[in-house]
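Engineer: Dropping the sequence and predicted coords here.
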Amino acid sequence: MSFARFMAGPVGRGIRVVAGLVMIVAGLVIGSGSGYALAAVGLLPLIAGLLNVCVIAPVLKAPFSGKTCLAQPR
C-alpha cells in the first residue's frame, strides 16, 4: 500500500507524467511501427498521472483513485 500511496502523491504523479512524455517522444523519434507502439503505450502513464489514477493499484489491493488512496488511514 505504501507504493500506491507514493504513486498517488505529487512526486509519483510527476514521475508518471515525465515517464509517459519520455516514452512518447522516444517512440516518435524512433519512428516505425515499434516506435509508434512505444508512443501509444506512453499515453497510459501520462494520462494516469494527469488523472491521478493508478492502473496497477487493484493488483496491490489499493484504491484505483489516487485521491481515495491518500485519504485512507495508514
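Structural biologist: Happy to help now that I have it. Residues are numbered from 1 along each chain as shown.
Engineer: any weak-confidence spans in the chain?
Structural biologist: 1, 67, 69-71, 74 (pLDDT under 70).
Engineer: Against Ala40, how distant is the residue nearest to Gly66 when sequence neighbours are not counted?
Structural biologist: Excluding its sequence neighbours, the residue lying closest to Gly66 (Cβ to Cβ, 6 or more residues apart in numbering) is Ala8, at 3.3 Å. Quick note: C-beta positions are derived from backbone N, CA and C, even for glycine. Distance, Ala8 to Ala40, using Cβ to Cβ, to the nearest Å: 24 Å.
Engineer: Could you check which of these two is surrounded by more residues?
Structural biologist: Ala8 (23 against 12; other Cβ atoms under 10 Å).
Engineer: Surely the more buried one is in contact with Cys54?
Structural biologist: Yes - counting by Cβ atoms under 8 Å, Cys54 is a contact partner of Ala8 at 6.4 Å.
Engineer: Work out for me the element the spatially most central residue of the chain sits within.
Structural biologist: Closest residue to the average C-alpha location of the chain: Pro45 at 3.1 Å, with Cα atoms, centre = their mean. Counting by DSSP states H and E, the element that carries Pro45 is helix 32-51.
Engineer: which outside residues touch that helix?
Structural biologist: Helix 32-51 is contacted from outside by 12-17, 19-30, 54-55, using Cβ atoms under 8 Å, 6 or more residues apart in numbering.
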